[in-house]
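Trainee: Based on what follows, work out the 3D shape:
(chains A and B)
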2 protein chains.
Amino acid sequence: MTTMNKDIKRERDGATFDPERLAEFLYGGKEKLRRRRYLQNLVLHDKYLQSLPKTWNWGREMAYDIGVKKSIYLHRWLNELGILNEAERNTVRSAAAPMEANSLGLHESMFVPTIMKQGTKEQIQKYAEPGKRYEIIGTYAQTELGHGTFIRGLETTATYDPATEEFVIHSPTVSSMKYWPGGMAKTCNYVILVAKLYSRGECHGIHPFVVQLRSLEDHTPMPGVQVGDIGNKMGFDGMDNGYVMFDNYRVPRDAMLMRYARLDKDGTFVPAKNPKVTYGSMVFIRAAIVGMAARCLAEVCTIATRYSAVRRQTEIRPGGPEPQILDYQTQQEKLFPLLAASYALIFAGNVMFKTYERVAGNIDKGQLGEMQMLHALASGMKALSSYTASDGTDALRKACGGHGYSHASGIPRIFANITPACTYEGENTVLYIQCGRYLVKCFAQSQTGQSLPSFMSYLSQPPKASSSITKECSLPHLIEAFDHATARVIEVAAVKINALVRGGQPLEVARNNAGVHLVKAAMLHSKSYVVKVFAETVARSDLHPDVARVLDTLCHLYAVTGILDHMGDFMQDGFVSGEQAVMVTDRMLSLLEEVRPDAVALVDAFDYPDHMLQSCLGRYDGQVYEALYRYAQDSPLNKQEVDDSYYTTLRPMMKGELNPDGPASRL
Amino acid sequence: MTTMNKDIKRERDGATFDPERLAEFLYGGKEKLRRRRYLQNLVLHDKYLQSLPKTWNWGREMAYDIGVKKSIYLHRWLNELGILNEAERNTVRSAAAPMEANSLGLHESMFVPTIMKQGTKEQIQKYAEPGKRYEIIGTYAQTELGHGTFIRGLETTATYDPATEEFVIHSPTVSSMKYWPGGMAKTCNYVILVAKLYSRGECHGIHPFVVQLRSLEDHTPMPGVQVGDIGNKMGFDGMDNGYVMFDNYRVPRDAMLMRYARLDKDGTFVPAKNPKVTYGSMVFIRAAIVGMAARCLAEVCTIATRYSAVRRQTEIRPGGPEPQILDYQTQQEKLFPLLAASYALIFAGNVMFKTYERVAGNIDKGQLGEMQMLHALASGMKALSSYTASDGTDALRKACGGHGYSHASGIPRIFANITPACTYEGENTVLYIQCGRYLVKCFAQSQTGQSLPSFMSYLSQPPKASSSITKECSLPHLIEAFDHATARVIEVAAVKINALVRGGQPLEVARNNAGVHLVKAAMLHSKSYVVKVFAETVARSDLHPDVARVLDTLCHLYAVTGILDHMGDFMQDGFVSGEQAVMVTDRMLSLLEEVRPDAVALVDAFDYPDHMLQSCLGRYDGQVYEALYRYAQDSPLNKQEVDDSYYTTLRPMMKGELNPDGPASRL
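Mentor: Here you go, the predicted model:
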């Protein structure tokens, strides 16, 4: 039993709502929350999982080794316990290996599902079934050393040889080597390889192939395959991101996944009926990133807010007590808008999933109408959420002062885990531009009176000269301002592109010259979408009134800070006036005061147990200094009271025992 | 001989100026640049230094061990070569250990200098002279587990015992333990300890004491001293940041540095004549951080710009070649404003040093008039420069796409090295607030007609209703806009504080409630200062006309992006109109086009040799893919073709050899 820090206890006692109600809402009801805690507790009480060394002292090799062991252990353990629901499995995995890269993750999330979706019955039998039984382990290899987001630029070739009914897989250049795929270096013996298909001297575009990388007997690389790890990174130590080069490596014809497009024995290529059927999984992953980014940010908010409640620093009044740093307006301005963003993005992620399921269902029925809309939404939201989480995590780390920089805070590890989401699965700026191009297209449609998807309807509304914002900053007025500013920036981009095209620039060049505007349009549109989803969530009838009230405050704060971050864009055409800008600023400051008494309860409601946060600063009991002291004891440099470098280097120097060939002179 | 990548060669051939001229200007002339390169080449050709393993595969223990060896080696090597000039020593050190934490750094920069400045002749003889000969090695311990920027909050006590003429050093609480001082864990046997002095039952405030931590015989901790490493951090692996706790540990009376304040044998405390004499070194360090931050950012700009010149991605026109990513407007908007900021902050750092030397000279003569001004300037500039470098480094890493995340890019290492500058030597927000309070004070003085330091004169100018900005965005017009917006925000803060005080709030509480405004005022003031210094630099008569032209472009870009980042604040009172906001945006875009042909030449002029950048992406020859491939070969996971985890974990799983007690089930 630890005692509770008095400051954090007082915070909890003073909250204006019950965080348990909010946690129930976040996790889908009382029963699901109970089940979530039960699963997390299983992990906490598992002797093997708890016996593993803590992350902060892992080196690269240990991180990888523990990662593999944990993955396999969890796989068997979940099956033995009969936990088969995917969401529940993820709850257990993230409790057991929070923010840890998983070298077998792509096997389950990409290798097997891609074969299930794009393979024929025979291919499923041959590759997916053994995959499910872990008899073979695979990953997904698309990115090349010289080619990322733009997949049509991929160079790896799969050339069909009808004489032997084989594909010849080849890496023609250094830049064509596959580089980055997770788990590919050491873990996997199979891969889904994305390569350019050639047959009868003709290129038929990019297709997926199931390719064996390592021997099933002894795991050595197959002849013609050079495979290895790409070296140390900023994080993801447990992940063996790999490279692979092929030297005219032959695989059977059934390596090509042929449910849609296919290649006949004689080399005849038969294209897919609808070439966009494989679009869905990309959208699915981007939607999933929104939720993951939100949860990362929520964890860091938990750490920074609890620490700010117990950290005392600098007297406000001379001779007075040092206040909790949570009482500084500047600290509140760092924390609370990101706390609001965490909630905002959690809700947006949930709604996106529902939208995805609905649209995906329609696509399965052959209704492709909303596919573009969904793609644009997912692109913009992936970019917005990953930037918010990555930059927000870093800002919150700095808001924890010097201790934030120690791995004891837990934040650097979370940062290293979330920040690559800005560049993987589509580089954020490229995604914003894709979203922006869709917005400009909708704008053109609205000009010709065509109907738009409901969430683009703001483009069809008659323009208004000035904002209705008053000092209350009501949500409808804030949303109106977002709609107006977003529509204006979209129009600026559209007008610029049209003018450049009329001036003689090819459309693509004109678009590039409007790139900065397209990005801004997409970013504002995405933020505006989040505000709307948040406002709809707050209005839900199943919310406890106290919970609705605090969420309403956060919703206002998210909207108001969103406007302040881009105030010039809201004021440029005079829509928001200088007086209204002052109102928005003042409202932001008063919202900080409204959030203040509930700050700790609002992060408690995220319901992250200490063993997931792995943070000395974010502890539920607030006993941070004792924890930092214990953390220090665990340093690898403390294994020896006097370090070897004393004998080899320091002592000879200090004692003047200067052997000219000895360690202190020429070492 | 490596061949030069064609794209990067074409960039160099097409530049509109000679980077050699600019490099000469940056490094103080032809002769100094030649000497700089000579010193860097000494390092490159030193067999011992080049024999050390590369940073990216160091673990914590190896990083520390190599750090100590390098430090001692460099110390002796520089002395043997007779390189005694401090600037030249730093050039060699940063060429030999670029961005590497140095566990002996504080010995040279703080331990010896503090004794030299604040010690009596006898104390210099006893402590500083052996320190210079490395017979003892010390560091500087101020920060405590529970106390950072606010040094009056420190808890460690030094209580004088006149009976034995000793101080009793004690750590009364867990939060009072010294925590973070560099080199303190394992390297040093001495420390300058900042503690609260008690004598005759009275507290006499904070004073520095020279305290022995470890035995001179065998380096074990002294009885009563518990010392160790604080554990792993986000970076600074080579630094043994330490903690220390004292249990009624006795040190002689001459441990207290007594050049100014002193304690007589009988326990009588005699205060310093001027308690602010020790102020200077804090200002000096903050000024030094400006230059360091600028150089870090310049290194990252070099990496990201060269990579953007050779990386090709996504066709602009269907079927056309993939363009250099440097041709994307959005990429230019990520890179060039930070390139401009690098130059801007280098120049601002130089001017700050000259200002520091002038003011410090005056302080030595007893003229304290400009001390406050300098303190405010150094506080604001330390915060602005470290934020710009930290956030900019992270943004540039992301601008390198996925490869930025690999340690192969060199950027994560630079980030980990520069980002703590946001919180050490004064947390940035606290510093901004200190600067903001000074600005508000100046504003009050201006209201009563008192004269202001020249760089605050904008507060005395008669207010103007509207900006003169035209589509050319001339520097005088941009500076006028900065002055106006800064003065306005200062006034808002001042008016708010006065109103709150009149409403009954104590001054300190009122200031806290204006915290967000004070920070904004300080930030705008600091940016405005940088713009002015940059404009003065561009106007220097000793500049080659071509160099003056490209620097003028960058100066405009820095100013224009500074305004765009806070456009709402420039528009709020109508000073900058909506039309002018459009002009500033368009000018920013046209400046990107002006910088484009010179981008590579502008980073070449920073003159960082490859062995300092340690980046596969930032290579001078642009051969990035070959370098990334070689980097991969060097991965610790590639030492074995088949990893041990295959035998222990994967194979039993894949082969179904499921021993219920074996590794794959219960591991």
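
Trainee: wait, does the longest helix along chain A make contact with chain B?
Mentor: For chain A, the longest helix by residue count, based on DSSP state H, is helix A:329-364. Yes: Helix A:329-364 reaches chain B (C-beta under 8 Å from any C-beta of the partner chain) through A:329-331, A:333-334. No exception for glycine: its C-beta is placed from N, CA and C like everyone else's.

Trainee: for that helix, packing partners?
Mentor: Judged by 3 or more C-beta pairs under 8 Å, 6 or more residues apart in numbering or on different chains; DSSP states H and E, helix A:329-364 is in contact with helix A:279-310, helix A:371-399, helix A:515-538, helix A:545-565, helix A:578-595, helix A:599-604, helix B:428-447, helix B:515-538.

Trainee: Dump stretch A:213-232 to CSV, restricted to CA.
Mentor: Coordinates of each C-alpha in stretch A:213-232 appear next as CSV, following Å, rounded to 0.1, in the frame of the first residue of the first chain:
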residue,chain,number,x,y,z
LEU,A,213,12.6,-15.5,-47.9
ARG,A,214,14.1,-18.1,-45.6
SER,A,215,14.4,-21.9,-45.4
LEU,A,216,11.8,-23.7,-43.6
GLU,A,217,14.5,-26.1,-42.4
ASP,A,218,17.1,-23.8,-40.8
HIS,A,219,15.8,-20.3,-41.4
THR,A,220,18.8,-19.4,-43.6
PRO,A,221,18.0,-17.0,-46.5
MET,A,222,17.1,-18.7,-49.7
PRO,A,223,19.7,-18.7,-52.5
GLY,A,224,19.2,-15.5,-54.5
VAL,A,225,17.8,-13.6,-51.5
GLN,A,226,19.9,-11.2,-49.5
VAL,A,227,18.0,-10.2,-46.3
GLY,A,228,19.0,-8.3,-43.2
ASP,A,229,18.2,-5.6,-40.6
ILE,A,230,18.3,-2.0,-41.6
GLY,A,231,20.1,-0.8,-38.4
ASN,A,232,19.2,1.2,-35.4
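
Trainee: Give me the domain ranges for chain A.
Mentor: By the assignment in automatic domain parsing, chain A contains the domains A:135-268, A:437-450+A:473-604.

Trainee: So which of those domains is nearest chain B?
Mentor: Nearest to chain B among those is domain A:437-450+A:473-604; the distance by C-beta to the nearest C-beta comes to 2.5 Å.

Trainee: Quick check, pLDDT for residue A:667.
Mentor: pLDDT recorded at residue A:667 is 45.

Trainee: How about residue A:533?
Mentor: For residue A:533, the model assigns a pLDDT of 97.

Trainee: Is it correct that it is in contact with residue A:346?
Mentor: No: taking C-beta atoms under 8 Å as the definition, residue A:533 is not a contact partner of residue A:346, at 10.1 Å.

Trainee: ok so, going back, now the longest helix of chain A: buried residues?
Mentor: Using 16 or more other C-beta atoms under 10 Å in any protein chain shown as the burial criterion, the residues of helix A:329-364 that qualify are A:329-352, A:355-356, A:359-360, A:363.

Trainee: if we can go back for a sec, can you tell me which of the residues of helix A:329-364 next to chain B lies closest to residue A:113?
Mentor: Nearest to residue A:113 out of the residues of helix A:329-364 next to chain B is residue A:334 (C-beta to C-beta; 40.0 Å).

Trainee: Check the stretch 351-500 of chain A for the residue nearest chain B and tell me.
Mentor: Closest point on the stretch 351-500 of chain A to chain B, by C-beta to the nearest C-beta, is residue A:412, at 3.8 Å.

Trainee: what sits against that residue?
Mentor: A:397, A:405-406, B:233-234 (C-beta atoms under 8 Å, 6 or more residues apart in numbering or on different chains).

Trainee: Pick the one among those residues closest to residue A:220.
Mentor: Of these, the one sitting nearest to residue A:220 (C-beta to C-beta) turns out to be residue B:234, at 37.3 Å.

Trainee: so what pLDDT did the closest one get?
Mentor: Residue B:234 is given a pLDDT of 95.

Trainee: give me the number of residues near it?
Mentor: Residue B:234 sits with 23 neighbouring residues when counted by other C-beta atoms under 10 Å in any protein chain shown.

Trainee: can you check the one 10 residues further on too?
Mentor: Applying the criterion other C-beta under 10 Å, we find 25 residues in the vicinity of residue B:244.

Trainee: if I look at it, how far off is residue B:570?
Mentor: 50 Å (C-beta to C-beta, to the nearest Å).

Trainee: same question, residue A:618
Mentor: From residue A:618 to residue B:570 the distance is 39 Å (C-beta to C-beta).

Trainee: more neighbours, these two?
Mentor: Between residue A:618 and residue B:570, residue B:570 has the larger neighbour count (other C-beta under 10 Å), namely 30 against 27.
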